[in-house]
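Chemist: Sequence and computational prediction follow.
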Amino acid sequence: MFFFTIVVVLALVGFLALTLLAVDSLWSVLEMVSSYLMPYFLPSEVETLTKKFGPWAAVTGSTDGIGKHYALELARRGFNVVLISRNPDKLRATAEEIGKLHSVKTKIIVADFSGGSQIYSHIEEELKDIPLGVLVNNVGLNYDYPMPVCEVSDTKTWEIINVNVGAVTAMSRLVLPGMVARGRGALVNVSSGSELQPLPLMTIYAATKAYVRSFTYALRAEYSPLGIHVQHLAPLFVSTKINSFSQRLMDGNLLVPDVATFSRHAVASLGRVSNTTGYWLHGIQYFFIKIAPEWLRMRIGHQLNVEFRKEYMRNNKVKSS
Ligand SMILES: NC(=O)c1ccc[n+]([C@@H]2O[C@H](COP(=O)([O-])OP(=O)(O)OC[C@H]3O[C@@H](n4cnc5c(N)ncnc54)[C@H](OP(=O)(O)O)[C@@H]3O)[C@@H](O)[C@H]2O)c1
């Protein structure tokens with residue numbers, strides 16, 4: 001009888017643990033599915049994003065990749081857009097492209113986030129008359145190709161930390177007081193699937209993304225009671241130049257979507273979902289990745305990076321040191 005009770009208790013504990021793990025892992029998929037299905041079941045006057053958060057949105061790192069297409073998608077939904085990035089020519093070209101496609105206002109702010117704390121007074125000054133409803137903390141930087149920590153240059157190391165950790169922190173602190181005063185607003189903090197576990201050969205990058213996740217979850221607890229929606233957006237691979245170390249990733253496939261498709265899905269989740277990969281197929285991938293224990297994920301991620309490193313070195317005729 002005693003042993004029978006122990007077995008039953010252990011079975012119940014096991015069942016509970018598995019159920020919680022499955023729910024936790026599947027949450028991103030469930031949220032994505034519900035954010036797509038919800039509009040069909042809600043009355044037609046669903047509040048638009050501009051009504052919900054305000055007419056202006058800003059996107060950091062918005063001249064290429066996810067940031068640029070996220071900005072285009074926000075403009076398609078009626079937001080006036082502030083583009084904040086480092087290259088003035090690309091900024092002007094992106095603003096022009098948005099202006100041609102959508103009847104919204106644009107503003108550009110030139111800022112190199114790798115510069116550290118001194119850039120933010122300029123951004124603050126430029127934003128002072130704009131009641132921002134949405135801030136997309138998108139800007140992000142990785143190594144040129146996978147490499148061990150001591151192979152990353154000093155300059156690159158600080159650039160990655162300033163861009164991936166500094167920008168999300170400083171920009172959030174800069175816009176939150178205004179949003180709180182207006183009683184509404186949304187922050188979208190873009191991390192990465194690499195926050196899921198330590199990632200050898202992209203050690204610094206993955207660690208910065210773990211910071212973004214932790215920062216975002218805690219920020220939400222502090223500011224959602226004040227009317228601010230804080231979203232953690234953690235994409236898996238998307239075909240953009242950040243992955244140009246691998247032709248396979250640049251070519252894309254079902255699991256590596258093109259950036260326009262990804263951004264359309266990601267913006268559809270804004271205001272509806274707190275934690276998401278931004279793309280439903282990434283949500284399913286995320287579920288299977290998360291089921292595996294951390295040591296296994298780390299080993300697979302490491303091996304993947306070994307292959308990407310070989311591919312890069314082969315294609316660029318770089319000799320391994
Ligand atoms: N693509 C993926 O597979 C993937 C997966 C997971 C997470 N993410 C995350 O998604 C975000 C966007 O990545 P992405 O793939 O779209 O990268 P991307 O194509 O390289 O675009 C990055 C954007 O940020 C800008 N930027 C880079 N360094 C900057 C700096 N120091 N100051 C100001 N702007 C700077 C770039 O400007 P230029 O146009 O001048 O280069 C570009 O507009 C990042 O946070 C990244 O970590 C991407």
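Modeler: The structure has been received and is ready for your questions. Computed from a predicted model, the values in this text were never measured in an experiment.

Chemist: Report whether the helix or strand hosting residue 73 contacts the ligand.
Modeler: Residue 73 belongs to helix 65-76 when assigned by DSSP states H and E. Yes: counting by C-beta under 6 Å from any ligand atom, contacts between helix 65-76 and the ligand involve 65-67. C-beta here means a position set from N, CA and C on the backbone, and glycine is covered the same way.

Chemist: and of those, the nearest to the ligand?
Modeler: Using C-beta to the nearest ligand atom, residue 65 is the member of the residues of helix 65-76 next to the ligand that lies nearest the ligand, at 2.2 Å.

Chemist: Can you give me every residue that contacts the closest residue to that closest one other than its chain neighbours?
Modeler: Spatial nearest neighbour of residue 65, excluding adjacent residues (C-beta to C-beta, 6 or more residues apart in numbering): residue 240 at 3.6 Å. Residue 240 sits next to 64-66, 259 when contact means C-beta atoms under 8 Å, 6 or more residues apart in numbering.

Chemist: which of the residues of helix 65-76 next to the ligand count as buried?
Modeler: Buried members of these, counted by 16 or more other C-beta atoms under 10 Å: 65-67.

Chemist: Put together a markdown table for those, with pLDDT on each row.
Modeler: Below are those laid out as a markdown table (pLDDT from 0 to 100):
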| residue | pLDDT |
| --- | --- |
| 65 | 98 |
| 66 | 98 |
| 67 | 98 |
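
Chemist: and which of those is nearest residue 150?
Modeler: Distance to residue 150, by C-beta to C-beta, is smallest for residue 65 among those, at 28.1 Å.

Chemist: Just to check, the closest one is in contact with residue 242?
Modeler: Yes: using C-beta atoms under 8 Å, residue 65 and residue 242 qualify as a contacting pair, with a distance of 6.4 Å.

Chemist: how about the residues of the stretch 51-200 of the chain that lie near the ligand?
Modeler: So the stretch 51-200 of the chain meets the ligand at 61-67, 85-87, 90, 112-114, 138-141, 163, 190, 192 (C-beta under 6 Å from any ligand atom).

Chemist: hang on, the earlier thing: can you lay out the contacts of residue 240 as JSON lines showing distance to residue 96?
Modeler: Listed next are the contacts of residue 240 as JSON lines, based on distance: C-beta to C-beta, whole Å:
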{"residue": "64", "distance to residue 96": "15"}
{"residue": "65", "distance to residue 96": "18"}
{"residue": "66", "distance to residue 96": "20"}
{"residue": "259", "distance to residue 96": "19"}
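
Chemist: residue boundaries of the helices in the stretch 201-321 of the chain?
Modeler: Per DSSP state H, counting those that start in this stretch, the stretch 201-321 of the chain carries helices over the ranges 203-223, 247-251, 259-268, 280-291, 294-316.

Chemist: tell me the most buried of these?
Modeler: Each of the helices of the stretch 201-321 of the chain was scored by mean neighbour count; the highest is helix 259-268, a mean of 22, by mean count of other C-beta atoms under 10 Å.
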